[in-house]
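# Let's see this in three dimensions:
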Amino acid sequence: MCHKLKYENVFEIERFIAEHDSALTDEKRKQLARDAAFWLVGAVSFGSIYKTAASVGSEHLRESISAVAESNNTDAYRLIELAVKLEGQGNIPYPLIKELTKRTEGNAFSRHILKMLVLNYLYMFNQ
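Got it, this is the predicted structure:
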């Protein structure tokens, strides 16, 4: 089901592009549709992670969140852990960022979310 939905979304974006720019080649239109879907899903995922971090990011919960992230040890949990630590406006968690940078090598989507979290922190708190 999820695979089918993924391709239907890309197809719909591709169809929209074709309606608005018929001069593009099929390959270019397909690439633009895939890129648009990647960025759209990335923005929604970033928003979900950021909102979660803002909602549960109290100083009293940080240790519990880190423990849950370590016990589940997936990119998703670790990215939420990073978002919570960045949301706290304390010191930048360089070791966690370094670990996630190595961990997400070869995973364009997780790396994209990692970059968005760090860039958002820099924008919000380092002015």
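# Quick check: the gap between the spatially most distant residue from the centre of the chain and Glu14.
Farthest-out residue of the chain from its mean C-alpha position, per C-alpha atoms, centre = their mean: Ala23, at 32.1 Å. Using C-beta to C-beta, to the nearest Å, one obtains 15 Å as the distance from Ala23 to Glu14. Glycine gets a C-beta too; all of them are placed from N, C-alpha and C.
# ok, now which ones touch the residue nearest the centre of the chain?
The centroid of the chain falls nearest to Ile113 when counting by C-alpha atoms, centre = their mean (2.7 Å). Shown here is Ile113, whose contacts under the criterion C-beta atoms under 8 Å, 6 or more residues apart in numbering are Gly42, Ser45, Phe46, Ile49, Leu79.
# For Met116, give me phi and psi.
Listed backbone geometry of Met116 is phi -60, psi -40, with angles given as degrees, to the nearest 10.
# what about it, neighbour count?
Look at Met116: counted by other C-beta atoms under 10 Å, it has 19 neighbours.
# Pretty sure it sits against Phe46.
Yes: applying C-beta atoms under 8 Å, one finds Met116 in contact with Phe46, separated by 4.7 Å.
# SS state for the residue farthest from the centre of the chain?
Assigned by DSSP: H, G, I helix; E, B strand; the rest coil, the conformation of Ala23 is coil.
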